[in-house]
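[1] Structure for this input, please:
(one chain, ligands or ions: 1)
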Amino acid sequence: MAIRNVREMGDPVLNKICKEVKEMTPRTLELIDDMFDTMYEEGGVGLAANQVGILKRIVVIDVTGEDPVLLINPVILETSGEQVGNEGCLSVPGKAGVVRRPNYVKVRANDRELNTIEIEGTELLARAICHEVEHLDGHLYVEKVEGGLKDVEEIEDEE
Ligand code: NI
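    This is a model prediction of the structure:
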C-alpha cells in the first residue's frame with residue numbers, strides 16, 4: 001500500500017489532458033492500487049490519475065466506501081436529468097461549491113484487464129463520474145461552480 005501525494009489546484013498537471021491506456025503493465029496496476037489507497041486515506045469519493053501526477057486516463061471512484069469503481073479510458077455515452085448540489089475535490093482542500101450535473105450517467109470504460117465495460121450511475125455516482133472524467137481532460141469543478149467557491153465550514157454552518 002502506498003499513498004501518493006495529491007496535487008493541488010495551481011499545479012499545472014491538473015490542467016493537462018491525460019493519455020489513453022493502451023496496455024496494462026505492472027506499473028499501471030500499482031498506480032491503480034495506489035490511487036484506491038490514496039482516495040480512501042484522504043477520504044475522497046473519487047480520484048483521477050493526474051491528481052497524483054500521472055497523465056493516464058484512469059479514475060477510481062467509491063461513493064459508499066464499499067463499492068470501488070475503476071474506469072480506464074472512460075467515455076460518457078449518455079446523460080439525463082439534473083441534480084444541483086455541493087461538490088468538492090481532493091485537489092481543492094477545504095473548499096466546496098454548487099455544481100449542476102446530470103442525475104444519470106452511462107459510461108463505457110476498460111477494466112483492470114482492459115475489457116470493455118459499461119456502468120450506469122445516478123445521484124452521487126453520476127456526479128462523481130462526471131467530475132472525474134473532466135479531470136482527465138484537465139478541468140476542475142471550480143470552473144462550473146455556481147455562486148462561488150465556499151469554505152467547507154461555511155457550508156456546514158448553513159446546514
Ligand atoms: Ni476532483
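
[2] Around residue 47, count how many other residues there are.
    Counted with other C-beta atoms under 10 Å, residues neighbouring residue 47 total 29. Any C-beta I mention is one placed from the backbone N, CA and C, and that applies to glycine too.

[3] bridging residues for it?
    Counting by DSSP bridges, residue 47 forms beta bridges with residue 60.

[4] doesn't residue 58 make contact with it?
    No: no contact is recorded between residue 47 and residue 58 when judged using C-beta atoms under 8 Å, the distance being 9.1 Å.

[5] Return every residue with contacts to both of the two.
    Common neighbours of residue 47 and residue 58 are listed as residue 35 (criterion: C-beta atoms under 8 Å, 6 or more residues apart in numbering).

[6] got any ranges where this structure has weak pLDDT?
    158-159 (pLDDT under 70).

[7] Surely residue 9 is in a helix?
    No: secondary structure assignment places residue 9 outside any helix; it is coil (DSSP: H, G, I helix; E, B strand; the rest coil).

[8] Residue nearest the middle of this protein, spatially speaking?
    In the chain, the C-alpha nearest the mean C-alpha coordinate belongs to residue 132, at 2.7 Å (C-alpha atoms, centre = their mean).

[9] Which residues are in contact with that one?
    Counted by C-beta under 8 Å, 6+ apart, residue 132 has contacts 46, 47, 48, 59, 61, 71, 74.

[10] Same check on residue 63?
    Listed by C-beta under 8 Å, 6+ apart, the contact partners of residue 63 are 45, 46, 124, 125, 128.

[11] ok, the first one - contacts?
    Applying C-beta under 8 Å, 6+ apart to residue 45 gives the contacts 39, 61, 62, 63, 124, 128.

[12] one more time with 7 Å, if that's ok
    61, 62, 63, 128 (C-beta atoms under 7 Å, 6 or more residues apart in numbering).

[13] now do the third one
    With C-beta under 7 Å, 6+ apart as the criterion, the residues that contact residue 124 are residue 63.

[14] how does it look with 8 Å?
    When contacts are counted by C-beta under 8 Å, 6+ apart, residue 124 touches 45, 63.

[15] any idea how far residue 46 is from it?
    Distance from residue 124 to residue 46, counting by C-beta to C-beta, to the nearest Å: 10 Å.

[16] Helices of this structure, start to end?
    For the chain, the helices defined by DSSP state H occupy 26-42, 123-136, 152-158.

[17] Show me which residues of the second one are buried.
    Right, helix 123-136. Using 16 or more other C-beta atoms under 10 Å as the burial criterion, the residues of helix 123-136 that qualify are 124-136.
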